[in-house]
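**Student:** Okay, here's the prediction I keep looking at, along with the sequence it came from:
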Amino acid sequence: MIHRKWSLLTGPVAILGSIVGAVVVANYLFIENVLAWFVYRCSC
């Protein structure tokens, strides 16, 4: 019973955690690329 409740609770949490992590990493990489491109454009 405890194991089943644990798995039911950690399943959605693990999925949400992985989604949030992926979104944070994607946003960080996107922002870094945009800033680098913007700085490169302005310096030229």
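**Tutor:** Good, I have the coordinates. What you see is a predicted model, and the numbers here were worked out from it, not measured in a lab.
**Student:** For stretch 22-37, the averaged confidence score.
**Tutor:** Per-residue confidence for stretch 22-37 averages out to 89 on the pLDDT scale.
**Student:** For it, buried residues please.
**Tutor:** Using 16 or more other Cβ atoms under 10 Å as the burial criterion, none of the residues of stretch 22-37 qualify. All C-beta spots, glycine's among them, are computed from the backbone N, C-alpha and C.
**Student:** Show me what it is in contact with.
**Tutor:** With Cβ atoms under 8 Å, 6 or more residues apart in numbering as the contact definition, stretch 22-37 has no outside contacts at all.
**Student:** so where do the helices sit in this protein?
**Tutor:** Counting by DSSP state H, one finds helices in the chain at the ranges 2-43.
**Student:** next one: stretch 23-40 to chain centre, how far?
**Tutor:** Taking the mean of its C-alpha atoms, stretch 23-40 sits 13 Å from the chain's own mean (Cα atoms, centre = their mean, to the nearest Å).
**Student:** ah, wrong one, I meant stretch 36-44
**Tutor:** The offset between the C-alpha centroid of stretch 36-44 and the centroid of the whole chain comes to 26 Å, using Cα atoms, centre = their mean.
**Student:** ditto for stretch 7-17
**Tutor:** Remark: stretch 7-17 is offset 16 Å from the chain centroid, using Cα atoms, centre = their mean.
**Student:** pLDDT of it, averaged?
**Tutor:** Averaged across stretch 7-17, the pLDDT comes to 84.
**Student:** Tell me the spacing between Ser18 and Cys42.
**Tutor:** For Ser18, the distance to Cys42 (Cβ to Cβ, to the nearest Å) stands at 36 Å.
**Student:** ok, the two, which is more surrounded?
**Tutor:** Each of Ser18 and Cys42 has its neighbours counted (other Cβ atoms under 10 Å); Ser18 has more, 10 against 7.
**Student:** so how far is Cys42 from Val13?
**Tutor:** Counting by Cβ to Cβ, the gap from Val13 to Cys42 is 43 Å.
**Student:** go on, Gly11?
**Tutor:** Noted for Gly11: a distance of 47 Å to Cys42, by Cβ to Cβ.
**Student:** now swap in Leu16 and tell me
**Tutor:** From Leu16 to Cys42 the distance is 38 Å (Cβ to Cβ).
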